[in-house]
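Undergrad: Predicted model, plus sequence, below.
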Amino acid sequence: MTEGWRVGHKVCSSCRKEKELSEFSKYHKGKYGVHNQCKQCKSACYFKTKDDPDKKERRYLASAKYKNRHPYTVKMRLRKTRECLADSYIRQILKQSNGIIHPPQELIEIKRQQISLKRTLREVKDESSSANA
Ligand SMILES: [Zn+2]
């Protein structure tokens, strides 16, 4: 232990304050399994730069690069959000098909039920058609 700070704490790389590990979001590659920046600094940074076109461009390029390098990981992650009908996935559908950008939680729940109903129906259909074949 060469660090001078307390156990279960970490110094934020941005605000240089010593904070509890719970003040940092989880990141498996980071030291102690958390990010270098505390949650507060991370969200401050995000809101400060989210409308910056330069930053948007860079973020887009970085994600394109990542997709190129790890097509399998991206594919599996996408499949996972699709399979468990994650909020992010449903929000994406609502945005694409209905143009709703900030759907209320109730709408997300309804859409989730609708999608799972559709899936169940499709499964039943598939089963009966393969039984006939
Ligand atoms: Zn901080």
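TA: Ah, there it is. Numbers count the residues shown, from 1 in each chain.

Undergrad: what ranges do the helices span in this protein?
TA: Taking DSSP state H as the test, the helices found in the chain are 39-49, 53-69, 71-83, 87-98, 105-132.

Undergrad: Using a markdown table, please lay out these together with distance to the ion, mean pLDDT and mean neighbour count.
TA: Using the backbone N, CA and C atoms, a C-beta is placed for each residue, glycine as well. What follows is those, written out as a markdown table (distance: least, CB to the ion, whole Å; pLDDT from 0 to 100; neighbours: other CB atoms under 10 Å):
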| stretch | distance to the ion | mean pLDDT | mean neighbour count |
| --- | --- | --- | --- |
| helix 39-49 | 3 | 85 | 13 |
| helix 53-69 | 19 | 88 | 11 |
| helix 71-83 | 28 | 91 | 11 |
| helix 87-98 | 26 | 92 | 14 |
| helix 105-132 | 29 | 91 | 11 |
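
Undergrad: just so I know, which of those helices lies nearest residue 33?
TA: helix 39-49 (14.3 Å; CB to CB).

Undergrad: the inter-axis angle of the closest one versus helix 53-69?
TA: Calculated by axes from the mean of the first three to the mean of the last three CA atoms, to 10 degrees, helix 39-49 forms an angle of 110 degrees with helix 53-69.
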